[in-house]
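Student: Got a predicted structure here, sequence first:
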Amino acid sequence: MAAAAEESLRKALADKQSAVDNQGNAVRALKAQASSKPEIDAAIEALNRLKLEKAEIEKKLQDCISNGGTDGSINREAFRQAVVNTLERRLFYVPSFKIYGGVAGLYDYGPPGCAVKSNVLAFWRQHFVLEENMLEVDCPCVTPEIVLKASGHVDKFTDLMVKDEKTGTCYRADHLLKDFCNEKLQKDLSITADQAAELKLVLATLDDLSAEELGAKIKEYGITAPDTKNPLSDPYPFNLMFQTSIGPSGLSPGYMRPETAQGIFVNFKDLYYYNGYKLPFAAAQIGQAFRNEISPRQGLLRVREFTLAEIEHFVDPEDKSHPKYSEVASLEFLMFPREEQMSGQSAKRICLGEAVSRGTVNNETLGYFIGRVYLFLTCLGIGKDRLRFRQHLANEMAHYAADCWDAEIECSYGWIECVGIADRSAYDLRAHTEKSGASLVAAEKFSEPKEVEKLVITPVKKELGLAFKGNQKMVVEALEAMNEKEALDMKASLESKGEVDFYVCTLGKNVAIKKNMVTISKEKKKEHMRNFTPSVIEPSFGIGRIIYCLYEHSFYMRPSKDGNEQLNVFRFPPLVAPIKCTVFPLIQKQQYEETAKSISKSLTAAGISHKIDITGTSIGKRYARTDELGVPFAITVDQQDSVTIRERDSKDQVRVRVDEAASVVKGLSEGLKTWEKVWSEFPHHILPTSADD
């Protein structure tokens, strides 16, 4: 709806500008003809009226652009600044090494930030690892080069970079193009609806652009270095991994891992054994990852060290059904299939079951994890209307992927990818099988022998040795690792052309395979079992990005009692709130303070994080301080035998006995009771007019 409104306003503005231009020409013509003063005055009055109407459309268009993705009527930048100022002042996070000027892309989590992160990860473990009976591992951050060579990261884990041709300052090329497009769309009201549509198409297909296409767009739009306005170099690839060496000799190269997944893949054989040689099964890992970003920005959204939580679900490629799929099939949420993206449409609410049955989502297991990710994010507090699942465009996907969707969350920076859910086929296990020589396969035993038509790939090693010399072994392994479709396609090409280009993963390039180098045929055999390389469904969670979006989705302002100031509030669900409860003696009185300490001990015994505040500050100011930390409940000690419990967002209070307080808060914090239930069970406490806020 917002996109349609913007397009309509841009067309209206263009029409009104045309009317202003025509009327201006009319005024000038009347003056040139020395027309009568009343006639000229009437024409000028009509021109001024058109200018006012144009200004009104401009204001509506600016409001439409500015308020497209934020709470309330303030614009995105002002809203973001209010959130960030509160987060840094209350020590949720701060720039690392701040007293030395900081380092771009590195941040420290303070006490409440650590607590939120810990709660998010605890819920992630509950929601995925425990409920799905996953196998959790913890692997080193330092990874030998050979592992990342096999996975493709050494050769392909790059972003396109441009340099200021005079100063040498580096910039990420796609960011410059993205900033230019957004700037034009948000601040240049003179562009036509067609020009706006072109810029939006560039933004939608940004990840699709090659280095040459990206460079051409930068030149077409006249984009220069942001700081100096100097010309920029052509885009070229920059590897994002931090390189290191393992051991004092420096002879064993390594990298800080850019993802946690490879540790799971290289342990597949042992995990498969641990799981009793049964498929499907999933392995999970939470840990730090490192990417040497070219020009990090956007706070916690793009950093150089971050926490990933990744799942690798191994499944038979011939059976990607899921036994629990029916539990999520009826979910309905915003989905953005590639066809809608390419035709310029918006995301729509789609039933997950329909998307899977129509083939929009490739298979049940991928669909199941999309549904589980939706439930995870919305339980954390992410707004349902500001969460969508966007399918990767055809050119955006890796060649080996069967399908891939991103869970994107809207915040003041726009739509941000926070979770990737991909069907990676069997690429990873095959790549590590080729490079390591270890057989990373699974087996299916037949109850009775089966006669099967078996594809036999026989590399002619003599011919391959003559052609590829020292690389012969890697070419042979790659040929033998082909799946049936790849092999049959090669056979057809060799028979028709006599030669075919063949990509060898371990060499990182295509080689020419001729007809005399390999024999591909089918033979009938009796088999007692079937060996195969499992496919992998991979949900990968950027924890820092999810947390930042949660901060924005949870933040709002409300006026104080006297209306003189706006008070900041984080409406965290109890599940993720950094502190579940505060305990306040109403006044500094020994009996009240002793009761508060007794309640604190009960909360500690119940495992409820809390904070006790016995300062003499007014109760309203103490409530406001804890609201700004997102604390959902407050216990106020105003009598010796009973206390009040306040709920943050409604500011309603109930009265409970002292010995009941901890159990009531425990039930609320752990989701065993709702505030509505508590409100119906206990007497209501009516506040004096000046007591809250």
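Tutor: Done, it's in.
Student: Buried ones in stretch 544-564, by neighbour count?
Tutor: Of the residues in stretch 544-564, 544-556 count as buried by neighbour count, 16 or more other Cβ atoms under 10 Å. Bear in mind the C-beta positions are built from the backbone N, C-alpha and C, glycine included.
Student: May I ask which helix or strand encompasses Val452?
Tutor: Element membership for Val452, per DSSP states H and E: strand 442-459.
Student: quick check: angle from the helix or strand harbouring Ile513 to strand 442-459?
Tutor: In this assignment (DSSP H and E), Ile513 forms part of strand 509-514. If you take axes from the mean of the first three to the mean of the last three Cα atoms, to 10 degrees, strand 509-514 sits at 60 degrees to strand 442-459.
Student: List the buried residues for strand 509-514?
Tutor: Val511, Ile513.
Student: what secondary structure does the residue nearest the centre of the chain sit in?
Tutor: Most central in the chain under Cα atoms, centre = their mean is Cys418, positioned 1.0 Å from the mean C-alpha point. Per DSSP: H, G, I helix; E, B strand; the rest coil, the secondary structure class of Cys418 is strand.
Student: Verify the contact between it and Glu408 for me.
Tutor: Yes. Taking contacts as Cβ atoms under 8 Å, Cys418 lies within contact range of Glu408: 6.9 Å.
Student: just to revisit the earlier point, which secondary structure elements does the strand holding Val452 contact?
Tutor: In terms of contacts (3 or more Cβ pairs under 8 Å, 6 or more residues apart in numbering; DSSP states H and E), strand 442-459 is packed against helix 472-480, helix 484-497, strand 518-532.
Student: quick one, which of those is packed in tightest?
Tutor: Among the helices and strands packed on strand 442-459, helix 472-480 has the highest mean neighbour count (mean count of other Cβ atoms under 10 Å), at a mean of 19.
Student: contacts for that one?
Tutor: Outside helix 472-480, the residues that touch it by Cβ atoms under 8 Å, 6 or more residues apart in numbering are 434, 457, 459, 461, 464-465, 468, 502-507, 511, 513, 518.
Student: Quick one: mean pLDDT for that helix?
Tutor: Mean pLDDT, helix 472-480: 89.
Student: roughly how far is it from the heart of the chain?
Tutor: 37 Å (Cα atoms, centre = their mean, to the nearest Å).
Student: So what would you say the end-to-end distance of stretch 672-685 is?
Tutor: In stretch 672-685, first residue to last residue: 23 Å (Cα to Cα, to the nearest Å).
Student: Show me which residues of that stretch are buried.
Tutor: Lys673, Trp675, Val678, Phe682, His685.
Student: OK, contacts around the nearest residue to the last one once chain neighbours are set aside?
Tutor: Same thing as His685. In this structure, His685 finds its nearest non-sequential neighbour in Gln653, 4.0 Å apart by Cβ to Cβ, 6 or more residues apart in numbering. By Cβ under 8 Å, 6+ apart, the contact set of Gln653 is Thr636, Thr644, Ile645, Arg646, Glu647, His684, His685, Leu687.
Student: Would you pull up how far the strand holding Val452 lies from the middle of the chain?
Tutor: The answer for strand 442-459 is 41 Å, by Cα atoms, centre = their mean.
Student: which is the next helix or strand following it?
Tutor: By DSSP H and E, the next helix or strand past strand 442-459 is helix 461-468.
Student: by contact count, what packs against that following helix?
Tutor: helix 472-480, strand 509-514.
Student: State the pair within the contacts of Gln653 that is farthest apart.
Tutor: Farthest pair in the contacts of Gln653 (Cβ to Cβ) is Thr636 and His684. Separation: 14.1 Å.
Student: coming back round to it: would you indicate which residues of the strand holding Val452 are buried?
Tutor: For strand 442-459, a neighbour-count test (16+ other Cβ under 10 Å) marks Ala442, Leu455, Ile457, Pro459 as buried.
Student: ok, residues contacting that strand?
Tutor: For strand 442-459, the surrounding residues in contact (Cβ under 8 Å, 6+ apart) are 272, 277, 279, 314, 316, 475-476, 479-480, 482, 484, 487-488, 517-534.
Student: From the contacts of Gln653, pick the one nearest Phe333.
Tutor: Using Cβ to Cβ, the contacts of Gln653 come closest to Phe333 at Glu647, 28.0 Å.
Student: what's the burial count for the closest one?
Tutor: 17 (other Cβ atoms under 10 Å).
Student: How about Ala329?
Tutor: 19.
Student: Show the average pLDDT along the host helix or strand of Ala150.
Tutor: Assigned by DSSP H and E, Ala150 belongs to helix 145-151. The average pLDDT for helix 145-151 rounds to 94.
Student: So which residues make contact with the next helix or strand after it?
Tutor: Next helix or strand after helix 145-151 toward the C-terminus (DSSP H and E): helix 153-156. Contact partners of helix 153-156, identified using Cβ under 8 Å, 6+ apart, comprise Glu145, Leu148, Lys149, Asn239, Met241, Tyr255, Pro258, Gly508.
Student: ok, of the residues you listed, which one's closest to Val576?
Tutor: Distances from Val576 to these, taken by Cβ to Cβ, are shortest for Pro258, at 27.1 Å.
Student: what about the closest one, which SS state?
Tutor: With three-state DSSP as the criterion, Pro258 reads coil.
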